[in-house]
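**Student:** next input, structure requested:
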Amino acid sequence: MLLPMLRLADWFAPLTPLVGLTLLASVAAHPVLGQVPGQALPGQALPGQVAPGQTIAPNPTRSTSYVQPETPYTLGKGDRLRVDVFQLTQYSGETEVLIDGTLNLPLVGKIVVSGLTLEQATEAISTAYAQFLRRPIVTLSLLIRRPVQIGIAGEVTSPGSYTIAQDKAEFPTLTQLLKTAGGPTGIADVRHIQVRRPQQSGLEQVINVDLWEFIQTGDLRNNLTLRDGDTVYIPAASVNLAEAPIVAASSFAAQSDKPINIAIVGEVFRPGTYAVNGQTARTAQAGTTGETNNTGGSLPTVTRALQVAGGIKPLADIRRVQVRRLTRAGTEQTFEVNLWNLLQEGDLRQDAILQEGDTIVIPTAAQPSAAEANAIASASFSPDQIRVKVVGEVKVPGEVQVPPNTPLNQAILAAGGFNRRSNSGSVELLRLNPDGTVSRQRINIDFSQGINDAANPALRNNDVVVVRRNGLAIVTDTVGDVLSPFNGILSIFNIFR
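**Tutor:** Purely as a prediction, here's the structure:
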């Protein structure tokens with residue numbers, strides 16, 4: 001049985017080289033089998049890498065919560081190492097990677113270790129000592145990591161380059177870098193953060209990080225550890241009123257005690273530019289110091305800014321308050337907040353958090369109903385006092401300051417009440433309309449009445465209350481006017497008597 005099998009093998013022997021060549025050609029032509037592991041085909045790049053000269057979009061359209069496995073730590077200039085050669089103390093000791101990326105070791109001289117992992121550097125050192133020693137056993141330990149140089153750009157408070165010292169046991173993380181750079185801005189897309197990492201091959205690995213997933217689940221895989229030479233890019237996204245407070249409350253958010261410069265225009269009593277933060281706010285117009293207003297809280301919001309600007313006017317459209325915000329790319333985003341929902345439903349999302357350079361625009365509304373006007377006047381972002389003029393037959397005529405929604409009866413009492421010449425039965429209420437006209441309403445006074453539109457309406461800023469003379473005062477003043485010329489003549493005769 002063995003002899004026929006040997007003869008069969010001898011018969012196929014001449015064909016073996018041809019079969020081998022055919023298989024080799026098939027493997028070389030196959031796009032995967034013919035590729036050397038860890039190397040890209042000509043003109044191509046491996047997944048997660050960018051070929052030389054190829055650019056990547058600053059704002060990727062795809063979204064993924066998966067984070068690629070992190071590359072092991074590679075050595076570079078400034079790393080402090082300990083080299084131990086087994087039973088050869090004269091060749092052992094501490095050393096540092098030099099500026100040219102080499103280690104200067106006894107006996108073997110300089111060995112290039114820059115860009116190598118600890119395992120690769122250990123192998124390189126063992127190979128070098130093997131030329132002089134028989135079977136050297138080398139142990140390489142990392143004592144102190146070098147400070148890492150990392151760049152960050154996009155929607156971050158202070159973009160630029162940062163040098164971060166590394167702890168012996170920990171690498172700097174993405175959230176640590178964000179905190180160092182002042183935190184993400186209010187329009188940062190924390191779902192699509194890019195980390196670009198240079199590779200030894202000259203290509204660039206791009207890692208997508210979803211920090212929103214990290215905030216929601218605490219998955220540490222999304223809090224990427226950084227390496228020397230990494231570049232972090234944070235794209236811009238549309239403002240999400242529900243998510244913005246959550247990001248602002250994170251550990252890597254911007255500092256809340258730092259003042260921001262904003263502008264407020266439209267239906268507020270003191271439009272202009274202001275420096276605002278969560279605790280205090282001061283005017284910054286024309287380089288003046290201005291006044292200080294303690295608004296409380298910890299974050300600068302729309303309502304706090306309105307308080308600093310003197311509050312909204314009665315005709316402010318609080319349903320369509322606009323916030324204009326500049327991106328790092330120089331474009332402008334505009335989003336609206338509905339402060340009426342804040343008043344009626346307690347929707348705190350509408351009290352948007354502000355950032356440096358924001359502009360708040362308060363548009364003008366149509367004439368609100370009495371119920372709406374009263375609700376707006378009582379809001380925290382309305383003025384604490386309104387100005388009303390009470391003229392005519394009162395004891396102290398002039399302008400009085402009263403709280404919002406003060407009834408007409410109380411304004412008359414604030415002016416000292418009626419005098420003896422007043423028509424205490426009725427007064428006139430003059431009010432400026434949005435179209436520039438003036439409305440006039442005659443109101444019968446009854447001090448026993450509560451607030452109601454007919455007999456005791458709530459006053460608004462700049463209302464004028466006119467108290468007329470009573471009948472006796474009118475007759476007396478008329479007679480006095482008629483007799484005033486004769487009184488002058490009689491006074492002359494009195495002089496010559």
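
**Student:** shaky segments in the stretch 301-450 of the chain?
**Tutor:** Residues of the stretch 301-450 of the chain that meet the criterion pLDDT under 70 lie in 368, 434-436.

**Student:** tell me where it has helices.
**Tutor:** Ranges of helices in the stretch 301-450 of the chain, per DSSP state H, counting those that start in this stretch, are 302-308, 339-345, 370-377, 408-414.

**Student:** make CSV out of the ones you listed and add distance to residue 129.
**Tutor:** Where C-beta positions appear, they are placed from N, C-alpha and C, glycine not excepted. Supplementary listing: those in CSV, determined by distance: least, C-beta to C-beta, whole Å:
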stretch, distance to residue 129
helix 302-308, 68
helix 339-345, 73
helix 370-377, 83
helix 408-414, 97
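
**Student:** tell me which of those helices lies nearest to residue 324.
**Tutor:** Checking the helices of the stretch 301-450 of the chain against residue 324 by C-beta to C-beta gives helix 302-308 as the closest, at 12.2 Å.

**Student:** returning to what we had before: most packed of the helices of the stretch 301-450 of the chain?
**Tutor:** Here the criterion is mean neighbour count by mean count of other C-beta atoms under 10 Å, and of the helices of the stretch 301-450 of the chain the winner is helix 302-308, at a mean of 25.

**Student:** chain center to that one: distance?
**Tutor:** 17 Å (C-alpha atoms, centre = their mean, to the nearest Å).

**Student:** that one packs against which elements?
**Tutor:** strand 260-266, strand 272-276, strand 280-283, helix 339-345, strand 359-362 (3 or more C-beta pairs under 8 Å, 6 or more residues apart in numbering; DSSP states H and E).

**Student:** how about a cut-off of 10 Å?
**Tutor:** strand 260-266, strand 272-276, strand 280-283, strand 292-294, strand 321-326, helix 339-345, strand 359-362 (3 or more C-beta pairs under 10 Å, 6 or more residues apart in numbering; DSSP states H and E).

**Student:** would you mind putting these into TSV with distance to residue 306 alongside?
**Tutor:** Output for the helices and strands packed on helix 302-308, formatted as TSV (distance: least, C-beta to C-beta, whole Å):
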stretch	distance to residue 306
strand 260-266	7
strand 272-276	10
strand 280-283	11
strand 292-294	11
strand 321-326	9
helix 339-345	8
strand 359-362	8
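
**Student:** nearest to residue 124, of these?
**Tutor:** strand 321-326 (50.9 Å).

**Student:** on the three-state scheme, the spatially most central residue of the chain is what?
**Tutor:** Nearest to the mean C-alpha position of the chain, by C-alpha atoms, centre = their mean, lies residue 186 at 2.2 Å. Recorded secondary structure, residue 186: coil (DSSP: H, G, I helix; E, B strand; the rest coil).

**Student:** got a list of what it touches?
**Tutor:** By C-beta atoms under 10 Å, 6 or more residues apart in numbering, the contact set of residue 186 is 155, 239-240, 244, 247-248, 254, 323, 325, 333, 335, 352-356, 358.

**Student:** how close does it get to residue 224?
**Tutor:** Distance of residue 186 to residue 224, given as C-beta to C-beta, to the nearest Å: 23 Å.

**Student:** and if you look at residue 419?
**Tutor:** 79 Å.

**Student:** between these two, which has more neighbouring residues?
**Tutor:** residue 224 (25 against 17; other C-beta atoms under 10 Å).

**Student:** quick check: the more buried one touching residue 207?
**Tutor:** Yes: with contact defined as C-beta atoms under 10 Å, residue 224 counts as touching residue 207 (6.3 Å).

**Student:** rewinding a little: from residue 233, how far out is the residue nearest to the centre of the chain?
**Tutor:** From residue 186 over to residue 233 (counting by C-beta to C-beta), the distance is 17 Å.

**Student:** look up phi and psi at the residue nearest to the centre of the chain.
**Tutor:** Main-chain torsions, residue 186, degrees, to the nearest 10: phi -70, psi -10.

**Student:** show the pLDDT at it.
**Tutor:** Confidence at residue 186, expressed as pLDDT, is 90.

**Student:** show me the contacts of residue 186 that map onto strands.
**Tutor:** Taking DSSP state E, the ones among the contacts of residue 186 that sit in strands are 323, 325, 333, 335.

**Student:** follow-up on the earlier one: now the buried members of the contacts of residue 186.
**Tutor:** Neighbour-count burial (16 or more other C-beta atoms under 10 Å) is assigned, among the contacts of residue 186, to 155, 239-240, 244, 247-248, 254, 323, 325, 335, 352-356, 358.

**Student:** any idea which of these is closest to residue 365?
**Tutor:** residue 323 (17.5 Å).

**Student:** picking up where we left off before, just flag the most distant two among the ones in strands among the contacts of residue 186.
**Tutor:** That would be 323 and 333, which, of these, are the farthest apart (C-beta to C-beta) at 8.7 Å.

**Student:** what do those two both touch?
**Tutor:** Joint contacts of residue 323 and residue 333 (C-beta under 10 Å, 6+ apart) are 186, 239.

**Student:** which residues touch the nearest residue to residue 239 once chain neighbours are set aside?
**Tutor:** Spatially, and ignoring its direct neighbours in sequence, residue 239 is nearest to residue 335 (4.5 Å; C-beta to C-beta, 6 or more residues apart in numbering). Contact analysis of residue 335 by C-beta under 10 Å, 6+ apart lists 186-187, 238-241, 321-325, 352.

**Student:** for residue 464, which non-adjacent residue is spatially closest?
**Tutor:** For residue 464, ignoring the flanking residues on the chain, the nearest one in space by C-beta to C-beta, 6+ apart is residue 430 at 4.1 Å.

**Student:** tell me which residues touch that neighbour, please.
**Tutor:** 389, 391, 438-441, 462-466.

**Student:** now with 6 Å?
**Tutor:** Applying C-beta atoms under 6 Å, 6 or more residues apart in numbering to residue 430 gives the contacts 438, 440, 464.

**Student:** also residue 354?
**Tutor:** Going by C-beta under 6 Å, 6+ apart, the list of residues near residue 354 reads 262, 300.

**Student:** any idea how many residues pack against residue 152?
**Tutor:** Around residue 152 sit 24 other residues, with neighbours defined as other C-beta under 10 Å.

**Student:** same question, the one 5 residues further on
**Tutor:** Counted by other C-beta under 10 Å, the residues lying close to residue 157 total 18.

**Student:** give me the distance between the residue nearest to residue 239 and residue 175.
**Tutor:** As judged by C-beta to C-beta, residue 335 and residue 175 stand 26 Å apart.

**Student:** repeat for residue 319
**Tutor:** 37 Å.
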